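1. Using only what follows, build the 3D model:
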Amino acid sequence: MSWQIQGTRYTDPTYYRDAADRVEAQLRADFAAHHQLREIAAHGETPAHVVEYAARAHDLARAWRYSASPGHRHLWQQLSIAVESWTANPESARVEFGRLQQSFIEGNPAVESTTVRTQRQAAEITGHLEPVQDYSAQDGARYRPRHLSAVPDLGADGARRLGAADRALGGRGPDLLDLDEIQQIIDATDDLLAIEEAAGDRDTGADELEALIPAEQRNAPVIFDYTRTFDQHKTQIAAVRRVQDLAAEHLRLAGEFDGTAEGGQVLIERLETLMDATRRARREAVSAGVGEHDISAAYRAGLTGQFWSQQPGVPHLGQLDQILGERDHALAEIDTLRAEFGPDAYPRPGLALAVGAEPAFLPLSYTPSTATPTDPGGAAIADAVDAALPETGFASAWSTPEVTGVIDAPRHEPAVEHHL
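-> Residues are numbered from 1 along each chain as shown. Model prediction:
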């Protein structure tokens, strides 16, 4: 049902067939129109429309608020309070409405039918309850959809036990469940969710997206040269690290006051020096191209007492700092290996040979002091090391055999005679 039809039926006095008289039906229809005019007034196309809608709503309210009948004034006030309740806290209002209906069905003399009708109308015009079906005279029981009714339907057997008042109000609420029954429902729901997770369709459509990318680009390695930006990144990391470490040191030192005048003066001078250094570090970070957000994040991290080595205040720069540190460490090891694997020395036996490479057999009488450049095994492996470590920058050295632990040693020539 469209909102236009719903809005029209709420402002029609004939919709309120259970009203006590025609005056109550007209009051309820005017209140629905008053509520709708107030809702749409703020969304008027022009200021003139806003004023017109607000004026019409005010006229409807004034006619009933200052009515000669105290009952009419009281009913208008009840409708206003009910709408405010359903708008501010619909869940609580729904619970109270269910209890009110149940009490009325049970014949509680303190619950008036007018109050029940007022709460139901407030729920309907605020969009928290489906309107009753009245397309024909056969719908005298005022059927409501089960999933939208304030009081659940009891089914066919329960309907036969309900009286006319129960059917008019949409049914009777079920008995409350105890904690064991509620836990059983929760466990059954968890079991069903587990089954759905295990047997459900897990196709996320990622394969379809991947298929749209050309095969030669789908898993192609990145060929962009980042080497020219590494020096800039290292400068930025060093600058922002100084900001965080100086702020952290300032915080740490501030708590070391020994209570003496001499110690206090020394401490104050030290703290002022750290503050000046922090300001200078911030300026240097800006000059290095670090964003103000990253500088502030590093400074705030230092104010918590965390040094950069403990937890970087700028995560992405901290990760890059760690990666560059590992790279520099690996390059230093490579330089050491280059110095050790000269043409007159044999490589250490700890380095593994590549898969499929045949080892160079050594003579039984071999000792490091008797090694000569003409020994075939040492020369072959030394040549392999030199070939695998070209001087082409860190990018090639990063993937060298010394880093991976594998040396692609050449196969020995069949004509070479080995001494066993």
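
2. shouldn't L320 be in contact with H233?
-> Yes. Applying C-beta atoms under 8 Å as the test, L320 and H233 come out as touching, 5.9 Å apart. Where C-beta positions appear, they are placed from N, C-alpha and C, glycine not excepted.

3. Give me the neighbour count for L274.
-> 19 (other C-beta atoms under 10 Å).

4. Leaving out the residues flanking it, which one is nearest to it?
-> H250 (4.4 Å; C-beta to C-beta, 6 or more residues apart in numbering).

5. OK, contacts around the one you found?
-> Contact analysis of H250 by C-beta atoms under 8 Å, 6 or more residues apart in numbering lists 271, 274-275, 278, 302.

6. Also L246?
-> 274, 277-278, 281, 302.

7. Please give the element, helix or strand, for the closest residue to it other than its chain neighbours.
-> Once flanking residues are discounted, L246 sits nearest to T278: 4.4 Å by C-beta to C-beta, 6+ apart. Counting by DSSP states H and E, the element that carries T278 is helix 261-287.

8. Which elements pack onto that helix?
-> helix 227-254, helix 292-303 (3 or more C-beta pairs under 8 Å, 6 or more residues apart in numbering; DSSP states H and E).

9. Taking the contacts of L246 together, which two end up most distant?
-> A277 and G302 (11.9 Å; C-beta to C-beta).

10. Looking at these two, which is more packed in?
-> Using other C-beta under 10 Å as the criterion, A277 and G302 rank with G302 on top: 25 against 17.

11. For the more buried one, give me its contacts.
-> Here G302 is in contact with 243-248, 250-251, 313 (C-beta under 8 Å, 6+ apart).

12. can you do 7 Å?
-> 243-248, 313 (C-beta atoms under 7 Å, 6 or more residues apart in numbering).

13. Could you identify the most distant pair in those?
-> So, the contacts of G302 by C-beta to C-beta: farthest apart are L246 and G313, at 12.1 Å.

14. picking up where we left off before, turn the contacts of L246 into TSV, columns for distance to S85 and pLDDT.
-> Output for the contacts of L246, formatted as TSV (distance: C-beta to C-beta, whole Å; pLDDT from 0 to 100):
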residue	distance to S85	pLDDT
L274	60	90
A277	62	93
T278	56	92
A281	59	92
G302	52	91
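
15. which among these gets closest to D12?
-> G302 (69.5 Å).

16. Spatially, which residue comes closest to the closest one, not counting chain neighbours?
-> Using C-beta to C-beta, 6+ apart, the nearest residue to G302 is A247, at 2.7 Å.

17. Does L27 belong to a helix, a strand or coil?
-> helix (DSSP: H, G, I helix; E, B strand; the rest coil).

18. What pLDDT does the model give it?
-> The model reports L27 with a pLDDT of 94.

19. That one: how many residues sit nearby?
-> Count around L27 with other C-beta under 10 Å applied: 24.

20. who's in contact with it?
-> So L27 contacts 64, 72, 75-76 (C-beta under 7 Å, 6+ apart).

21. Give me the contact list for the helix or strand containing Q217.
-> Applying DSSP H and E as the criterion places Q217 in helix 215-218. Helix 215-218 has contacts (C-beta under 7 Å, 6+ apart) with E210.
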